[in-house]
Structure formats: C-alpha cells, structure tokens
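Peer 1: Structural data only, the sequence is not supplied:
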C-alpha cells in the first residue's frame, strides 16, 4: 500500500455550538475512490471543504504526504482539483472561456484540447454559448470538463452529480473509477446512492445516533 | 512556552485570575481617579489664560488617552487572535470595543463642552477633535463587523484583520488631519498644547489617568468574565459555578 | 499497482508563473465586465448625478463652485467607488469562482492585486477620465483641473485597494453594502484630505511636488499592504460559508 496523499488526523469540527464530527481520521491513498456519506446536516460538505483547505473551522491535523498541509500550501494547491457545490462557472462567459480561465492557473492547454474536453462531457456545439443560457446540468458539465484534462492526482468533488442526467451519471461514475484505477485519489459526496466496487466509505453522523 | 500560551488562552483560568484581580483594580483605580479629579477640580491653581474652564482636562485627557490606547490594545489582541488563535484575545476585543467607543464619545463630549467657553462654539473642526471623531468611526466599524458575523471564530478573525488595518491607518489619519487643519485654519488656539504645566496641574492629571486605566482594567475583566460565562455555558466548570452560587 | 505517469504529484513550479495567472485573471475580469455594460456605466452615472446635486442643493455661484469643486468631485468619486466595491468579489463568491481562486497554486496576494487592478480599470479609471468634463462644469480653472485629474489618478487606485479589504470582510453577510461603507469610509479620509488639499494648494499657487509624492507613497503603501489584508479576509469569509 502506498503512502497516503492526504490524511486527516483527529479532526473535530463544531459549527454553531453543534459538534459535527469528532476524532475523525481519514487517509486518502492513491488509487482509491472514497465516498463521504451521511444524512443531511452531518457535515459532508464541511469535511470536504476542510480537506480542500477552504475551511479552517476544525481542530486536529491535515497532512499532505505526511507533512502539515499548511507548510506546503502551494504544492497541495497544485495537486488538488476541487469542484464545490457552486461549480465555479461565470454565467457571462462561454464554456470555452470558463474552462480556459479555470485551467490557466494550473497548466495552459490548447483550445483544441479544451474543446475536446467540452465535447467529451456532451457540450459539443455549446462551446461559444454564454453559460447563463445553458441549463444547470450543462453548467455542471462545464465544470466537470476539467476532470477530462486534469493532471492533479487528488480530486475532491462535492455533489458532483447534481443536475446530471442518468446517462451522465453513469459516464461520470466510470470516469471516477477509471481515475482510481490509474492511481488517482478521488473523494466525492453524492446525493444518489452510489455503490461502486472497491469504493471506500467515510460515514458521518454517528455522533447523534444515540 | 506552548503550554503557557495554552493556559493563558484558557477562559477558565482567566476567569479565576480576573476574580482575584478585580477588587484591586476597582478600589485602587477609584482612589486614584477620585483623588486626581478632586484635586484637579478643587485645589489645582487656575489657568492664567482659560481660568477655571481648563479643569475639564481632568476628565477629557484621561478619556482621550485611554480611548486611543484601547484601540491599540485591541489591535494587539487582534494579532494574538490571528497568530495563536487564542480565544481570550477575541473575548478581550469583544468586551472592550464598546468601552472604547464610550470613552471616545466622552472625550468628544468633554471636548465640545470645553470648546464652548474657549472658542465660543460647541464644535470646531480642530485637529484633535476631528481625529477623535474618526476614531469613533473606527470603533463603530469594529463593533458593527463583530455583530454582523454570527460565527464566533470567523467573527474574531475578521475583526482582527479590520483592527490591524485600522491601527496601521491611525497614524496616517492623525497626520493627515493635522495637515488638513493647518491648511484650513492656521494658528488657532489649541486646547491642550501648553508649553509648561506646573506640577500642581499635571500631578492630579497623572493620577486621574492612572486611575482611569485601572478602572478600565476592572471593567474589562468584568465584561470578559460575563462573556466567558455566556460562551462556556455548556461546560462543566460553568455549570458547577452556577450550582455553587445557588441558582 | 504501477501508478500511471499522469498521476504523479506535481511540484508547484509545474504550473504557469504567477504573472501568467495574474494576467489571465485580469483579462477574465475585464471580459466579464464588458459583457455587462450597464454595470460599467452605473458608477459613472452615479458620479455625475452626485456632482450635479451640489450646485442644486448648495449654490450655483461660480465663486462657491470653483472653491468647493475639487472637494465635490473627490467626494463624489469616493462614493461611487464605494458603491461599486460590493461587486468586486460578490459575483465570484456567488458562482464559486472565488473558491477556485483561493485554491490556485499562485500567491493569493498577487491574484488579489490583479483583481483589484481590473476593478480599478473598469471603475476608477473611467471616473478619472470623466473628471475634466465635470471639473469644467463646476468652474475649476486650468491648473486646478489638471491637478484634480492627477490626484484622482493616483488616489482612485488607493480607494479600490483599501476598499477591497472591506469588500472581502463583508462577503456573504446580510446588508453588506452599508456595513462595507461603515468600515471603509474612515480609512478613506487621508486620501480624501490629501487629494483635495493638493488641488487647493495648487489653486493658491503653492508648490505641490511634496504632496503628490506623499499621495504616491499612499499608493505604494496600499499596493504593498492592502492585498495582504484582503487575501486574509477572503480566506476568513470563505471559511465561514
């Protein structure tokens, strides 16, 4: 087993006087697909935001390749692809422009590659339509097109399947599995019951079971 | 070192210390303040220029001095919040911000009262008064931002950032207001700039300044304790405390 | 299981330089701004309307206007920058691009600087360009008029930079607009004083080199310090969402 990319040790998170989780330890190893699950309001999104480094409402440690993440913030940022609840799509820009500006800070890619990625998520013919004229599912697909050109080994996807149709869900599940097989690490939350072979689970909400 | 900081940051530990400290701060502070003010108001000599009206400095100057240093203290606490995440620092800011605002207001008010006999009008855009007015605005900003963010930790850190920005700006504001003042009304009669004050005048002033600082310390302790009880109401030690008190 | 070569950990050097990222962010913001032209126009219209309130509300006399004109224009410019600040991060916050910005491998300080610069180009700079016209309408004379434009040119970026701190601090809060003004107006006072003071000094024929240098110092100070505070405030605000 290879060393974990990302590790959370004894995380505790309290929001609005309510403990969401306590003594939570997670290790994300390359080549795995992990689903964070639990009922609404148990802190799935919060956990993902903590792991991604967006939220520091926690005590405990987050390690990137064995070292405190904050010591290697830039390296961590370069190796993480995060897609949140809000997909990060500007309604006034076209899918092409959106995708280009999202990847440009990481690695500039030619327009051909980007255009192919958009076609790969089913947006052929929509590359130059402003995103505000697209449906919610299509906007989500623009964000997901980043996955097709990603060279980041760690993906954190919050509600990645929101607004995606059946066909798209199957394709995305395949993509995530394929990614894990190639040695990437994927952390997701989903609103549908995803059950894939070899999928790891982190279950939240145990605290209030009793 | 770390353990010490941790202990220092513990509200429970502070609560105990504050409990012991409070009576000293209050009584010594009151004695000094009363001594200074009574001496200043009743026994200090008349000013050869302003007569008796200058005596308001025994309230005005301590309030103005303290109002400015409270902001600086809050900014220091802000650094502590950002660097060490110490809860106590935020408690301090929250407890003293309104006190600082009231002191600033007091300084402005006494300044206006003093202005009436000196300038013949309640308000003049004098450099010091204007600076105090802007300080009051800064206090309002801190209080408003603290109240607007419901999450404790975010609120503490956002306020800390604002305090740091404010404290960097205070000297710039002071300097520019002074420059503005000379530009618009050169050589007016300044309130507190006296070449040499005889000892019978400044010793009581010193006493009342010291006294007000101590009373501020007392008030800060008291308000912080209240805030601690509020925030830690679910912890065991607070519950036991309440039980002991017989409620 | 042999890891795919595509899955190796990247070093931060393996991404375009900070300058490239700043440039692309700057251009993106300009592009977004120019797709929503009405938003570009609104602060300008506000600027013109506020200026026209003074002759109507106080006095249209030439002697009054030529004396107070620089102050009126400065206050109006300050208010319209203040009004536009709410947009600086709000849209990015709402659509999630702000999260992506914070997660970029480049320094947030410089990215914030690029964003603020873009904001100034679409709000502050048009105000500067419009100010000679309004200056003529309030009867400023040649020397004062030139000086007014110069002080606005140096001063408005400072307004944008300081304002970005407030915009970041109030992100995601209810009634953020009013709160933002409360926090920022006191911090604007030195710039306002020196901006109008320099024009007044120029009108009296006094040498103004030192004042201009001082305003330049404000600008340098704001460029070097404000983005730090803004970046910190952005992380805090995002942490809270």
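Peer 2: Looks like it arrived, so ask away. Just so we're clear, the structure is a prediction, and the values are computed from it rather than from any experiment. Numbers count the residues shown, from 1 in each chain, chains lettered A, B, ... in the order given.
Peer 1: Settle this for me: residue C:193 is touching residue B:182, isn't it.
Peer 2: No: counting by CB atoms under 8 Å, residue C:193 sits too far from residue B:182 to count as a contact (11.5 Å). For glycine as for every other residue, the C-beta is placed from the backbone atoms N, C-alpha and C.
Peer 1: which one of those two has more residues nearby?
Peer 2: residue C:193 (22 against 11; other CB atoms under 10 Å in any protein chain shown).
Peer 1: can I assume residue A:200 sits in a helix?
Peer 2: No: using DSSP: H, G, I helix; E, B strand; the rest coil, the assignment for residue A:200 is strand, not a helix.
Peer 1: That one contacts residue A:37, correct?
Peer 2: No: in terms of CB under 8 Å, residue A:200 does not count as a neighbour of residue A:37; the distance is 10.6 Å.
Peer 1: Now do the helices in the chain.
Peer 2: Answering for chain A, as no chain was given. Shown for chain A, the helices assigned by DSSP state H span residues A:44-52, A:73-79, A:95-104, A:111-120, A:136-148, A:166-181.
Peer 1: if you could check chain B rather than the one you did, that'd help
Peer 2: Using DSSP H, the helices found in chain B span residues B:2-9, B:11-38, B:57-84, B:87-119, B:127-148, B:152-184, B:199-231, B:236-245.
Peer 1: Equivalent analysis for chain C, please.
Peer 2: Counting by DSSP H, the segments of chain C that form helices are C:18-35, C:37-57, C:62-95, C:97-102, C:108-122, C:124-137, C:142-169, C:176-203, C:209-239.
Peer 1: Next, give phi and psi for the closest residue to residue A:113 other than its chain neighbours.
Peer 2: Nearest residue to residue A:113, sequence neighbours excluded (CB to CB, 6 or more residues apart in numbering or on different chains): residue A:149, at 6.0 Å. Geometry field for residue A:149 lists phi and psi as phi -110, psi 10, criterion degrees, to the nearest 10.
Peer 1: okay if I get the helices of chain A as TSV plus distance to residue C:182, mean pLDDT and mean neighbour count?
Peer 2: Compiled in TSV, the helices of chain A are given as follows (distance: least, CB to CB, whole Å; pLDDT from 0 to 100; neighbours: other CB atoms under 10 Å in any protein chain shown):
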stretch	distance to residue C:182	mean pLDDT	mean neighbour count
helix A:44-52	29	93	23
helix A:73-79	33	90	21
helix A:95-104	33	91	23
helix A:111-120	44	91	17
helix A:136-148	36	92	21
helix A:166-181	46	90	16
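Peer 1: For residue C:57, give its distance to residue C:138.
Peer 2: Using CB to CB, to the nearest Å, one gets 13 Å for the distance from residue C:57 to residue C:138.
Peer 1: typo on my end, it should be residue C:176
Peer 2: Residue C:176 sits 32 Å away from residue C:138 when distances are taken as CB to CB.
Peer 1: same question, residue B:198
Peer 2: 52 Å.
Peer 1: In terms of neighbours, single out the busier of these two.
Peer 2: Just comparing residue B:198 and residue C:138: by other CB under 10 Å the higher neighbour count belongs to residue C:138, 25 against 11.
Peer 1: Tell me the confidence at that one?
Peer 2: Confidence per residue is given as pLDDT, and for residue C:138 that number is 92.
Peer 1: Chain neighbours aside, what residue packs nearest to it?
Peer 2: The shortest distance from residue C:138 to any residue that is not its chain neighbour, by CB to CB, 6+ apart, is 3.4 Å, and that residue is residue C:69.
Peer 1: and what of residue A:180?
Peer 2: With sequence-adjacent residues excluded and distances taken as CB to CB, 6+ apart, residue A:180 is closest to residue A:33, at 4.3 Å.
Peer 1: give me every residue that touches that neighbour.
Peer 2: With contacts taken as CB atoms under 8 Å, 6 or more residues apart in numbering or on different chains, residue A:33 has the following neighbours: A:176, A:177, A:179, A:180, A:186, A:188, A:196, A:198, A:199, A:200.
Peer 1: switch the cut-off to 10 Å
Peer 2: Neighbour list for residue A:33: A:155, A:173, A:176-181, A:184-188, A:194, A:196-200 [criterion: CB atoms under 10 Å, 6 or more residues apart in numbering or on different chains].
Peer 1: Look at the spatially most central residue of chain C and report its pLDDT.
Peer 2: Most central in chain C under CA atoms, centre = their mean is residue C:160, positioned 1.8 Å from the mean C-alpha point. As predicted, residue C:160 sits at a pLDDT of 97.
Peer 1: List the contacts of it.
Peer 2: For residue C:160, the residues meeting the contact criterion (CB under 10 Å, 6+ apart) are C:81, C:84-85, C:88, C:115-121, C:123-125, C:167, C:222, C:226.
Peer 1: Count the neighbours of the nearest residue to it once chain neighbours are set aside for me.
Peer 2: Computed as CB to CB, 6+ apart, the closest residue to residue C:160 that is not its neighbour in sequence is residue C:120, at 4.3 Å. Neighbour count of residue C:120, defined by other CB under 10 Å: 23.
Peer 1: now residue C:11
Peer 2: Applying other CB under 10 Å, we find 12 residues neighbouring residue C:11.
Peer 1: Could you measure from the nearest residue to it once chain neighbours are set aside over to chain B?
Peer 2: Of all residues not flanking residue C:11 in the chain, residue A:75 sits nearest, at 6.4 Å (CB to CB, 6+ apart). Distance of residue A:75 to chain B, given as CB to the nearest CB, to the nearest Å: 23 Å.
Peer 1: Am I right that residue A:75 is in contact with residue A:64?
Peer 2: Yes: Residue A:75 lies in contact with residue A:64 (CB atoms under 10 Å); the separation is 7.1 Å.
Peer 1: and for those two, which residues touch both?
Peer 2: Overlap between the contact sets of residue A:75 and residue A:64, as judged by CB under 10 Å, 6+ apart, is given by residue C:9.
Peer 1: Looking at chain A, which residue is nearest chain C?
Peer 2: Ranking the residues of chain A by distance to chain C (CB to the nearest CB) places residue A:86 first, at 2.8 Å.
Peer 1: Do I have it right that that residue meets residue C:96?
Peer 2: Yes: in this structure, residue A:86 is within contact of residue C:96 by CB under 10 Å, at 2.8 Å.
Peer 1: tell me, what's touching the two both at once?
Peer 2: residue A:143.
Peer 1: Do you know the pLDDT at the closest residue to residue C:108 other than its chain neighbours?
Peer 2: Take residue C:108 and drop its neighbours on the chain: the residue closest to it by CB to CB, 6+ apart is residue C:231, 4.1 Å away. Note on residue C:231: pLDDT of 96.
Peer 1: same deal with residue C:1?
Peer 2: Value for residue C:1, per-residue pLDDT: 40.
Peer 1: show me where pLDDT drops low in chain C?
Peer 2: Within chain C, the ranges that satisfy pLDDT under 70 run C:1-6.
Peer 1: what about 80?
Peer 2: C:1-8, C:12-16, C:241 (pLDDT under 80).
Peer 1: Which residue does it have closest to chain A?
Peer 2: The shortest separation between chain C and chain A is 2.8 Å, found at residue C:96 (distances taken as CB to the nearest CB).
Peer 1: shouldn't that residue be in contact with residue A:83?
Peer 2: Yes: in this structure, residue C:96 is within contact of residue A:83 by CB under 10 Å, at 8.4 Å.
Peer 1: which neighbours do the two share?
Peer 2: Counting by CB under 10 Å, 6+ apart, the common neighbours of residue C:96 and residue A:83 are residue A:143.
Peer 1: Of these two, which one has the most company?
Peer 2: Neighbours around residue C:96 and residue A:83, counted as other CB under 10 Å, are more numerous at residue A:83. The numbers are 25 against 19.
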